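>>> next one to model:
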Amino acid sequence: MSLNNKTMKKPNRLQMWGGRVIGSLAARALIAWLISLVALQYDESTNYDYRFQVRPSQPLKAPIALVLVNEQEWYRWVEPSINMIRPLKEIGPLTDSYFWNEELWTTLIRRLLEVEVKAIGVTFFFGENIPRPRRLSSMVVFENPRVYWSARLDAEGRTRLPRFAPRIYSPNAGLVDLTEDLDGVLRRVIPTPSTATSLPLSLAREIGDVVRPNHVVETINYLGPPDVFPTFTFAEILTNSVQRAKLRGHVVLVGARQSAGQELQTPLGPMPKAAVIGNILHNLAFDEWVKKAPTWFYAIYLLVLCFLFALISIVFPPLLTLTIFFVVWGFIAAASTWMFDVVHFWLPIASPIIMGTLILALFVTWQLTEKDRLNWLLEQESSNLRELEIMKNNFVSLFSHDLKTPLAKISATLDKLKFSALESEISEELGSLRKASYELHRYIQSILQVIRVEAVDFKLHKQPVDINDIVLRLVDELKPLAQEKNSMILQDLEPLFSVEVDPVLIKEVLQNLIENAIKYTPNGSIVKVITREHENMVDVTVIDNGPGIGQSDLERVWEKFYRGSQSELHTRGSGLGLYFVKYFVELHGGRVFVSSEINQGTKIGFTLPL
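Sure thing, here's the model as predicted:
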């Protein structure tokens, strides 16, 4: 491979800087994305609960009602057994068997069946811990096919059947075992290893066809607090004080409230087991579980948001970035809330906010660090350029000054030889040398002036001046130059107000314009100088009938050291005259103008404010 090819393939500094920046930003975005994935694991347990707490109760689509009793109410109903119950309560928490009384339960279920309920679900577990019914009529009521009794699993995972459904496949028995999360909150329905049917599933089939039996872990979609279901007390049922229409055709869940064994912790707070089973029953009947996508879906979703947040942070300034982030976060929160309430789909909110906050912090920190670094580099570069400019100016100044002394001696010697020369031919040659020496001296003076006017401490010395006076003096001074070319300088000067200017600089401006007009026009030409005043401005225009300036040169005539293609062939010059004109005029707050066509002459000038 040749050396040139190696050079071409070597990355430049800009490419290396770009690669470093992209790598740094990508690493920051990756860190934010990974942390958001970790936060996703904790998003459900906090954000999930909060959503139920802030949203209003959802409409109840199924005819589900609750009949609840508390310990104090039950205590009054079982007064004959008061002497036995009191010692039991003193021993420890009461079990479900505390709420068993054959006579009361016979009356309760019979009354519910009389109002033509669709089904009765008993959330208490009445197994071998209660005695067999003494009366056959009670057994007939308890074994009614519309009555469903709760079954349980023991510590070894075996099914403990209720007293009134002694077979494992009994149609009127169902498991009510529910498993809380590690924080003690019930959020999911987890299938049991038992072959027995769950109580909610059995009751859901009384309402209609179950779309999707809960053979997998499902997240419960709570409709609201317990009062979302029509609720009645034991006393209201036992005394037959409830209108039949309020319960006819309902699935009735019987349980206890404010009892240790019959109350569960939910995202909405403590809730009777009967109300929890009512929510599960509703989810089963209408397939309204909270649906969750696979983890890979949320990872891709967060990755897309990560790219979006990173792009926004790079393109926009920090304050606008923060504003856009708040808008995006608001949109995500609104979309997630809508999806959760309407289609029951869980979309995380906290994870995108955490990720966006991290990206904002990491990217703003990078921007500030990068800005400081670039400012330092810029300062270094600026310092180097200042040093280089000082070295250049010192070199040019010393070089020019060293040339001025020999030039002065040459000019003096040429003047002396010219006047003492006898032959006219020798005198003309000496005159040409004297003229060349003068032009070189002007060129050196121009270079020194560039250094002076571009210095930081250059100042204007303004005073009231009549521009016409400067024009008249200059015309007198430049008459010999015009006479050498048999040219004429005409003046069309309008009376003007005095202008606050630096007279030395404005004289140099006018001198450069008039001298150029004389130098770049053929012999016998006419140069015209015009002054006008209008709209608080003073216009000075110099017109000649020379060869003109080409359009390509016209756009660059004000550049430093630029000389047009025609002038380079016919006239000597430094290329600094018009640069000084523009620079000095703009220092006074004015502007320059020029118009020209080939072989049509040139119109050039400037405007100054009064």
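>>> wait, K292 sits on N221?
No - contact between K292 and N221 fails when scored by CB atoms under 8 Å: they sit 11.3 Å apart. For glycine as for every other residue, the C-beta is placed from the backbone atoms N, C-alpha and C.
>>> the more surrounded of those two?
The neighbour comparison of K292 against N221 (other CB atoms under 10 Å) goes to N221, with 21 against 18.
>>> how close does that one get to L303?
Counting by CB to CB, to the nearest Å, the gap from N221 to L303 is 28 Å.
>>> so what does W149 have for phi and psi?
Dihedral pair for W149: phi -110, psi 150, per degrees, to the nearest 10.
>>> what residues sit buried inside the helix or strand containing R473?
According to DSSP states H and E, R473 maps onto helix 467-484. Within helix 467-484, the residues that count as buried by 16 or more other CB atoms under 10 Å are 467-468, 470-471, 474-475, 478, 482.
>>> what comes into contact with that helix?
Helix 467-484 is contacted from outside by 488-489, 491, 493, 495-496, 499, 501, 503, 506-507, 510-511, 514-515, 518, 527, 529, 531, 538, 540, 608, using CB atoms under 8 Å, 6 or more residues apart in numbering.
>>> now do the same end-to-end measure for stretch 546-559.
End-to-end distance of stretch 546-559 (CA to CA, to the nearest Å): 21 Å.
>>> next, the residues that contact that stretch from outside, please.
517, 520-522, 525, 562, 564-566, 575, 578-579, 581-582, 592, 594, 596-602.
>>> can you do 6 Å?
Residues outside stretch 546-559 that contact it (CB atoms under 6 Å, 6 or more residues apart in numbering): 520-521, 562, 564, 566, 578, 582, 596-602.
>>> check the nearest residue to A235 once chain neighbours are set aside and give its pLDDT.
Excluding the flanking residues, the one nearest A235 by CB to CB, 6 or more residues apart in numbering is E73, at 6.4 Å. We have a pLDDT of 79 for E73.
>>> tell me the SS of E73?
helix (DSSP: H, G, I helix; E, B strand; the rest coil).
>>> that one and P191, how far apart?
Relative to P191, E73 is positioned 35 Å away (CB to CB).
>>> so which elements touch the helix or strand harbouring L40?
Taking DSSP H and E as the criterion, L40 maps to helix 13-43. Under the contact definition 3 or more CB pairs under 6 Å, 6 or more residues apart in numbering; DSSP states H and E, helix 13-43 sits against helix 295-315, helix 350-420.
>>> least confident of the ones you listed, on average?
Mean pLDDT per stretch puts helix 350-420 lowest among the helices and strands packed on helix 13-43, at a mean of 72.
>>> break the protein into its domains for me.
Annotated domains of the chain cover 3-53+295-372, 56-286, 463-609 [automatic domain parsing].
>>> in CSV: those, plus distance to L378.
CSV is the format used below for the domains of the chain (distance: least, CB to CB, whole Å):
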stretch, distance to L378
domain 3-53+295-372, 10
domain 56-286, 55
domain 463-609, 24
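>>> okay, now T239: neighbour count?
11.
>>> make 56 the first number, not 1, from now on.
That works, and once the first residue is 56, the last one we named lands at T294.
>>> just the pLDDT at it, thanks.
The model's pLDDT for T294 equals 85.
>>> try T161
Confidence for T161, expressed as pLDDT, is 90.
>>> how near is T424 to L560?
To L560, T424 is 46 Å away according to CB to CB.
>>> same question, V582
V582 is 21 Å from L560, where distance means CB to CB.
>>> these two - which one has more neighbours?
Neighbour count, other CB under 10 Å: between V582 and L560, V582 has more, with 26 against 20.
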